[in-house]
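Asker: below are the sequence and a predicted model for it; my questions follow.
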Amino acid sequence: MKVAYLGPSGTFSEEAAVRLFSDADTFLPQESMDDVLQAVSCADVDKGVVPIENSIAGTIDTSIDGLLTYRLFIEADVIFPISLNLIGTDHCSLDTIRRVVSITPALEQCRALIRDKGWACDRVGSTAIAAKVVMERNQPECAAIASKCVADIYGLKLIASDIQDNKRNHTRFIIISRNSHLHQHQKKTMLLVTPATEHVGMLASILNVFATLSINLSWIESRPTGEKLGEYRFFIETEAGYGSDPMNKAIMILRTFGHEVDILGSYSTKII
Ligand SMILES: O=C(O)C(=O)C[C@]1(C(=O)O)C=C[C@@H](O)C=C1
């Protein structure tokens with residue numbers, strides 16, 4: 001099996017992919033999340049691993065929008081604790097840092113410290129690229145925000161650990177594939193609901209369907225349709241498996257109301 005993830009070596013995505021797919025033959029690190037989705041879509045790999053949301057920074061739009069762009073499905077999800085660290089060259093210390101380098105969600109997870117210190121931010125494609133950039137720049141005023149393991153990979157030193165806004169920082173990753181393995185007896189289902197028409201109380205009426213059927217929602221995200229300003233569709237993750245009675249009824253009722261309902265996956269959270 002071939003698995004793609006956001007690289008290079010030392011990213012959190014790599015850690016997630018390696019732990020999820022201990023039996024994979026080949027891991028293919030990619031330059032961006034979009035490249036991961038594309039690699040799955042054009043069958044360069046069998047599966048991809050991408051982050052979808054973080055407890056501090058929120059939803060990672062590239063991942064959820066990419067599911068639609070490339071017509072991909074979610075096969076499972078997994079939640080990882082994320083510890084972010086300041087990593088710099090030998091002459092770098094907390095007093096010398098003026099700029100931090102990282103991927104946007106990691107910078108957002110450390111907003112409080114960055115604001116307190118008045119540091120400038122340089123955005124790059126991943127936490128591991130940040131470490132590589134800091135190594136190449138070789139300046140005491142520059143530090144990467146990344147995992148501890150990148151310090152060893154790029155010959156850098158750890159300057160401060162656990163610098164994210166709070167200690168209970170978690171990122172949820174999803175495994176994506178080209179096929180919709182809609183197995184029964186899963187715990188959750190991800191739906192994409194595109195409302196029929198815009199009217200007062202439209203979202204409330206959609207949500208009411210789930211409330212009436214006692215289906216708990218674990219995640220909801222609105223994204224623009226891209227057609228017209230103010231027009232949205234909704235990613236809704238339910239705590240009911242595809243094929244279960246309440247889920248069948250919810251889908252049937254929503255479709256009867258004229259809403260478009262796509263099933264983006266039915267899965268259970270992996271514990272690793
Ligand atoms: O850059 C990385 O190391 C990644 O795997 C990406 C990513 C993300 O974009 O959310 C994954 C987990 C952490 O939240 C920080 C960064």
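Answerer: Received the coordinates, thanks.
Asker: how about the residue lying farthest from the centre of the chain, phi and psi?
Answerer: Distance from the centre of the chain peaks at His91, with 33.9 Å (CA atoms, centre = their mean). Main-chain torsions, His91, degrees, to the nearest 10: phi -90, psi 0.
Asker: torsion angles phi and psi at the closest residue to it other than its chain neighbours?
Answerer: Spatial nearest neighbour of His91, excluding adjacent residues (CB to CB, 6 or more residues apart in numbering): Pro140 at 4.2 Å. All C-beta spots, glycine's among them, are computed from the backbone N, C-alpha and C. Here is the backbone geometry of Pro140 (degrees, to the nearest 10): phi -70, psi -20.
Asker: for this protein, what lies in contact range of the ligand?
Answerer: Listed as neighbours of the ligand in the chain under the rule CB under 6 Å from any ligand atom: 6, 11-13, 51, 54, 60, 82, 103, 105-106, 126-128, 171.
Asker: ok, 5 Å please
Answerer: Contacts of the chain with the ligand, taken as CB under 5 Å from any ligand atom, map to 6, 11-13, 51, 54, 82, 103, 105-106, 126-127, 171.
Asker: if we can go back for a sec, pLDDT score for the residue farthest from the centre of the chain?
Answerer: Note for His91: predicted pLDDT of 95.
Asker: same deal with Ala24?
Answerer: 81.
Asker: same question for His185.
Answerer: 83.
Asker: contact partners for it?
Answerer: His185 makes contact with Gly241, Gly243, according to CB atoms under 8 Å, 6 or more residues apart in numbering.
Asker: ok, now how distant is it from Asp35?
Answerer: Remark: distance between His185 and Asp35 (CB to CB, to the nearest Å) = 33 Å.
Asker: same check on Leu28?
Answerer: With CB to CB as the criterion, Leu28 and Asp35 are 9 Å apart.
Asker: got it, and Phe257?
Answerer: Phe257 is 38 Å from Asp35, by CB to CB.
Asker: gap between the two ends of stretch 6-25?
Answerer: For stretch 6-25, the first-to-last residue distance is 17 Å (CA to CA, to the nearest Å).
Asker: and that stretch, which residues are buried?
Answerer: 6-8, 10-17, 20-21, 24 (16 or more other CB atoms under 10 Å).
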